[in-house]
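J.: sharing a model that was predicted from the sequence below.
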Amino acid sequence: MSAYEDIYRVTRRIPRGKVATYGQIAYLSGRERQARLVGYALHRVDLAGEEVPWQRVVNARGEISYSPFRRGSDYLQRALLEEEGIVFDGAGKIDLRKYQWQAEEYTREDIRSCF
DNA sequence: GAGATGACATTCG
DNA sequence: GCGAATGCCATCT
């Protein structure tokens, strides 16, 4: 019941105009290899009545992960992110190199390798 | 309690 | 870049 508490906490820490990947959230919440639980947790956010900016959480591809039964639609979620300054390319993807949230505790080699 | 499922990530071919 | 296979664990049936 509270295994998601950390996940919610981390998700709320995502600053505006930034996005985070499931693996990242999982890592910060102490569950690096349990990205599935992150997605599962976010899926239950609405059911739990918690207000979490789950829209800022995207998959490793930089695409939005949305479920068909979210509030409104996929279109709305993309609009929300665009509101925050996130820019989507033609394929509806996000440039993680620019918009991925870089937490202080989060220093992965592949990210650094990107530079 | 056991088996299947899942808003995924990562690695290998 | 893409598809298949593997791993991980809470929730659902």
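T.: Alright, I've got the coordinates.

J.: quick check: A:Ala64 vs DNA strand C, distance?
T.: Rather than Ala, residue A:64 is Ile. For A:Ile64, the distance to DNA strand C equals 16 Å [CB to the nearest atom of the strand, to the nearest Å]. (Each C-beta comes from the backbone N, C-alpha and C, glycine too.)

J.: give the contact list for that residue.
T.: If a contact means CB atoms under 8 Å, 6 or more residues apart in numbering, then A:Ile64 has A:55, A:58, A:74, A:77-78, A:81, A:92, A:94 as its contacts.

J.: around DNA strand C, which positions in chain A sit nearby?
T.: A:1, A:3-4, A:31, A:33-37, A:40, A:44 (CB under 7 Å from any atom of the strand).

J.: one more pass at 10 Å, please.
T.: Contact residues, chain A versus DNA strand C (CB under 10 Å from any atom of the strand): A:1-4, A:22-23, A:26, A:31-37, A:40-41, A:43-44, A:47-48, A:61, A:91, A:93.

J.: so of those residues, which ones are in helices?
T.: A:22-23, A:26, A:35-37, A:40-41, A:43, A:47-48 (DSSP state H).

J.: check the contacts of A:Ile64 against DNA strand B, which are close?
T.: Near DNA strand B, by the rule CB under 10 Å from any atom of the strand, you find A:55, A:58, A:77 out of these.

J.: just the ones of these in strands?
T.: Under the assignment DSSP state E, the ones next to DNA strand B among the contacts of A:Ile64 contribute A:Val58 to strands.

J.: how close does A:Ala79 sit to A:Ile25?
T.: 22 Å (CB to CB, to the nearest Å).

J.: what about A:Arg13, how many neighbours?
T.: 14 (other CB atoms under 10 Å).

J.: whoops, A:Arg16 was the one
T.: For A:Arg16, the neighbour count with other CB under 10 Å is 10.

J.: how about it: what's its closest non-neighbour residue?
T.: Nearest non-adjacent residue to A:Arg16, counting by CB to CB, 6 or more residues apart in numbering: A:Glu84, 5.0 Å away.
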